[in-house]
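In: Give me a model of this one.
(chains A and B)
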Amino acid sequence: MSGQIDAPPRRRAGRMLPRMTALRRREALTGYLFILPAGIGLLAFFVLPTLRAAQISLTHWNLMRPAKWAGFENYARLWADAQFWDSMWITLCYVLYNIPVQTALGLLIAVLADRLAKSVALRAVIIAPYLISNVVAGLVWLLMLDPLIGMTNSFLGLLGLAPQGFLSSPDQSLISVAAISIWRHAGFTALLFYAGLQAIPKDLYEAARLDGASEAAMFRLITLPLLRPVLVFVLVTSIVGSFQVFDVIAVTTQGGPAGSTRAVLWYIYENAFQFSRMGYASAMSMVLFAILVLVTLAQMRLLRGDRSDLG
Amino acid sequence: MKALIPALISGTLLSAAAHAEVAVDYWMWDSQQAPVYRKCADLFEAEHPGVKIAITQTGWNQYWTALQTAFLSGDAPDVFVNHATRLPEFAANGLLANLAPRIDAAGYDLGGFHPGLVETWSKEGAVYGLPKDWATVALAYDAGKLAAAGLSPEDLADLDWSPEDGGSFQQAIARMTVDAAGTRGNEPGFDGSKVATYGLVSNPFSPHGETEWSYLAGSTGWRFIDAPWAESYNFDDPRLAATLAWFRDLARGHHYMPTAEQTGKLGGETLMFSGKGAMSVIGSWQAGLYAQSMPSVRFAPIPAGPEGRSSMFNGLADSVWSGSGNPDEAWAWTAFLGSDACQSVVAESGIVFPAREALTEDALRAFEAKGIDMSAFVAVATPETTFPFPVTDYGNEISAIVRDALDRLMLGQGDADEILAGADAEIDRLF
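Out: Residues are numbered from 1 along each chain as shown, chains lettered A, B, ... in the order given. So this is what the prediction gives:
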């Protein structure tokens, strides 16, 4: 769009072009300088490790001896490894427990904060869990959810309800991990939605109200469509993050009980650092990476995340 | 500025040359013991001018990752504290110096170590570590809860057990279990759904069951493996299935012990300290913490099973990195760590039992001085009443398989024999 408008008329091209390109070049240089720090970070912490992992995935390497070339053996093994696919399934279940609740809760909190609560203190409370590290959150919940001495079961007891196993029960462990994660992330999701809500022109609501629209109708017809780019951002980042669930599991269940929380990243960690199978762990990481790229592309396509309904 | 850099470099080189000191890096994970070994290092440095011992202590969880990274970057410590679980893969990858030639050349006395310890760290004539301490297990109990159950310390001193009826051990557990209404596990009307104090508590069942289940499995005559470095395990043995089924029923049937769902990650320690548990089998390395956190704790020997008492006998060792740049000094330090001089310091610290058998009495006295009676742990530290930690290849993979199997068994997800046979078959496939 901008290219067409800025393009100088043909006739004056001869005189204008050298100055424009010089200016452009300087602007471009400034632009590159701005993204340079992030670019270095991206290169050093993402691109190079990814390439290295791809290289390691083609070897057998136990960290202690020089790597041995393995070709695609690790990938073939992965294909036949029932436990890997089981861990992918567990991860998928986790994503399905986590994302809908977290997103809906975040949206609800954001809309409530936008429409009702004007208190800064309240907004600070909403975001507070996000400021706690995952490990600390995991430890605190581990204590509170302890089946025998945790306060959660004491509360249930006061209400006359039976005590639950939570993280120690294979039927509840994954849901419990997801709940901890929702508790920690819903506030941050709400903050993103809240920022998105501020970008929606208030006159739209006023006009709608004049037309007699209800709060629910305004939410459905104005808020949701105009929030779509934010929604896509939230979904893409939280789904990718959710597929990579690790720290809460590492602190609370270590993949147990009976393997019920052995999500794919935990399985990769087990293979890399407990079984010293760096090649195999790297191969799994590459497959997970590919799956996440596909999931993200599909989301962008389906939700038209690069376009806004505004304007 | 340009002139400064060469000056700095030459300055560093000069000072390094002037000192000409050899620094021996020594890594360990136990923060409690770091000061003890610093004392040993001071004694050693006094005897070996020009050699400095640099002790680095890292928590257990980071220790092994840090060590592996250090091996990889060629920056590993000259000497480090080693655990039997890591021995096979370190040895197989040539990371551990074989100390046997140096032991022979120095005429170093291995006979003074507690029987069984050197064997754990040896393979086909090679010695990959010098023993530094040993550990057994004993029954920790709350003296107040014991008295309330109408039992005496003498009753606990002579417990027996069998997988069929649990023997007097099960009777004691039942009496010490109390429901919310105050009814005891052995009395009519006991409500297992509302237990206030469990007779027996433990950590979630770990693959080696050092403090959770191996003391009873071992008392039936069962052993993990038939010989060191074996290539198959005995997880499909009916004696093990019977033992674990007894534990499962103790929890799920009788409610004398928390079930797997009820045993949180916080484990037996927290349950004992919070008064939710009356008895728990613990390792000698935990005794200090128990005595500190729970003044009413006392220790009794583990119950005797069909084949008598049986505790896992596990000890740490000091290993020398094969890539050490100072192999002579590294050996000298390792030899000193295992010597009477340093082992006496360890004994007097009253934290763990030193590997040198003659110093056990000194350690007992040091514990005694802290008000801790450790005789129940020493009572089973004999070759007849112990079995070694199973050292084999694929230790970590086996742990993962057994952990899942034990989880399922204790959760009541199937028949004990079948679950264990499945795990045993999976382990066989590794070799």
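In: Average the pLDDT values over the helix or strand hosting A:Glu27 and round to the nearest integer.
Out: Taking DSSP states H and E as the definition, A:Glu27 sits inside helix A:13-42. Along helix A:13-42, the predicted local confidence has a mean pLDDT of 80.
In: tell me, how many neighbours does the residue lying closest to B:Glu231 once chain neighbours are set aside end up with?
Out: When the adjacent residues along the chain are set aside, B:Glu231 lies closest to B:Phe431, with 4.4 Å between them (CB to CB, 6 or more residues apart in numbering or on different chains). Heads up, the C-betas are built off the backbone N, CA and C, glycines and all. Burial of B:Phe431 is recorded as 12 neighbouring residues (other CB atoms under 10 Å in any protein chain shown).
In: who are the neighbours in contact with B:Phe431?
Out: Each residue near B:Phe431 by CB atoms under 8 Å, 6 or more residues apart in numbering or on different chains is listed here: B:Glu231, B:Ser232, B:Asp393, B:Tyr394.
In: B:Gly107: neighbouring residues, count only.
Out: The local packing count at B:Gly107 equals 6, with neighbours defined by other CB under 10 Å.
In: wait, B:Ala46
Out: By the measure other CB under 10 Å, the count of residues near B:Ala46 is 8.
In: Over to B:Glu361?
Out: The burial metric for B:Glu361, expressed as a neighbour count using other CB under 10 Å, is 11.
In: That one sits in which helix or strand?
Out: With DSSP H and E as criterion, B:Glu361 is part of helix B:360-369.
In: picking up where we left off before, next helix or strand past the helix holding A:Glu27?
Out: Taking DSSP H and E, what comes next after helix A:13-42 is helix A:48-56.
In: who touches that next one?
Out: With contact meaning CB under 8 Å, 6+ apart, helix A:48-56 is reached by A:Ala67, A:Met278, A:Gly279, A:Ser282, A:Ser285, A:Met286, A:Phe289.
In: In TSV, list those residues along with secondary structure.
Out: Converted to TSV, the contacts of helix A:48-56 look like this (DSSP: H, G, I helix; E, B strand; the rest coil):
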residue	secondary structure
A:Ala67	coil
A:Met278	helix
A:Gly279	helix
A:Ser282	helix
A:Ser285	helix
A:Met286	helix
A:Phe289	helix
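In: Of the residues you listed, grab the buried ones for PyMOL.
Out: To isolate in PyMOL the members of the contacts of helix A:48-56 that are buried, counting by 16 or more other CB atoms under 10 Å in any protein chain shown, one can use:
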select buried, chain A and resi 278+279+282+285+286
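In: Show me which of the contacts of helix A:48-56 is closest to chain B.
Out: For chain B, the closest of these turns out to be A:Met278, at 9.9 Å, with distances computed as CB to the nearest CB.
In: Could you pull up the residues touching the closest residue to the closest one other than its chain neighbours?
Out: Using CB to CB, 6+ apart and skipping the chain neighbours, the partner closest in space to A:Met278 is A:Trp61 (4.4 Å). Contacts for A:Trp61 (CB under 8 Å, 6+ apart) come out as A:Ala67, A:Lys68, A:Met278, A:Gly279.
In: give me the number of residues near residue 171?
Out: Chain wasn't specified; assuming chain A. Here the neighbour count serves as a burial measure; for A:Asp171 (other CB under 10 Å) it reads 12.
In: wrong chain, I was asking about chain B
Out: B:Gln171 is flanked by 18 other residues according to other CB under 10 Å.
In: Helix, strand, or coil at it?
Out: Classification of B:Gln171 using three-state DSSP returns helix.
In: quick one: it and B:Asn186 touch, right?
Out: Yes. Distance between B:Gln171 and B:Asn186: 6.8 Å, which falls inside the contact criterion (CB atoms under 8 Å).
In: Can you check the pLDDT for the closest residue to chain A within chain B?
Out: Among the residues of chain B, B:Glu261 lies closest to chain A, at 3.3 Å counting by CB to the nearest CB. Per-residue confidence for B:Glu261 comes out at a pLDDT of 88.
In: List the contacts of it.
Out: When contacts are taken as CB under 8 Å, 6+ apart, B:Glu261 is in contact with A:Pro147, A:Gly165, A:Ser168, A:Ser169, A:Pro257, B:Leu411.
In: Quick check: buried residues in stretch B:155-166?
Out: In stretch B:155-166, counting by 16+ other CB under 10 Å, buried: B:Asp155, B:Leu156, B:Leu159, B:Asp160, B:Trp161, B:Ser162, B:Pro163, B:Gly166.
In: So which residues make contact with that stretch?
Out: Counting by CB under 8 Å, 6+ apart, B:139, B:141, B:146, B:167-170, B:172-173, B:216, B:219-220, B:239, B:242-243, B:245-246, B:250, B:300-301, B:303-306 sit against stretch B:155-166.
In: still on that earlier bit, which two of the contacts of helix A:48-56 have the greatest separation?
Out: By the measure CB to CB, those have their two most distant members at A:Ala67 and A:Phe289, which lie 19.8 Å apart.
In: Out of the buried residues of stretch B:155-166, which is nearest to B:Ser375?
Out: B:Ser375 lies nearest to B:Leu156 out of the buried residues of stretch B:155-166, by CB to CB, at 13.0 Å.
In: Just the element for the closest one, please.
Out: Taking DSSP H and E as the criterion, B:Leu156 maps to helix B:153-157.
In: Now B:Phe190: closest residue in space, sequence neighbours ignored.
Out: B:Thr183 (4.8 Å).
In: Including pLDDT, could the contacts of A:Trp61 go into JSON lines?
Out: Below are the contacts of A:Trp61 laid out as JSON lines (pLDDT from 0 to 100):
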{"residue": "A:Ala67", "pLDDT": "88"}
{"residue": "A:Lys68", "pLDDT": "91"}
{"residue": "A:Met278", "pLDDT": "93"}
{"residue": "A:Gly279", "pLDDT": "95"}
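In: Could you identify the most distant pair in those?
Out: Within the contacts of A:Trp61, A:Lys68 and A:Met278 form the most distant pair, 11.3 Å apart (CB to CB).
In: and for these two, which residues touch both?
Out: Counting by CB under 8 Å, 6+ apart, the common neighbours of A:Lys68 and A:Met278 are A:Thr59, A:Trp61.
In: helices and strands of the chain: which one bottoms out on pLDDT?
Out: No chain specified, so I'll use chain A. Across the helices and strands of chain A, mean confidence by mean pLDDT, DSSP states H and E is lowest for helix A:2-6: a mean of 42.
In: wrong chain, I was asking about chain B
Out: Among the helices and strands of chain B, helix B:4-19 carries the lowest confidence by mean pLDDT, DSSP H and E, at a mean of 43.
In: Restricting to C-alpha, output the very next helix or strand once past it in PDB.
Out: On the C-terminal side of helix B:4-19, the nearest following helix or strand under DSSP H and E is strand B:22-28. What follows is strand B:22-28 as a C-alpha-only set of coordinates in PDB (Å, rounded to 0.1, in the frame of the first residue of the first chain):
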ATOM      1  CA  VAL B  22      48.500 -26.700  41.700                       C
ATOM      2  CA  ALA B  23      44.800 -26.300  42.300                       C
ATOM      3  CA  VAL B  24      42.800 -29.500  42.700                       C
ATOM      4  CA  ASP B  25      39.100 -28.900  42.000                       C
ATOM      5  CA  TYR B  26      36.800 -31.000  44.200                       C
ATOM      6  CA  TRP B  27      33.000 -31.100  43.700                       C
ATOM      7  CA  MET B  28      30.300 -32.300  46.000                       C
END
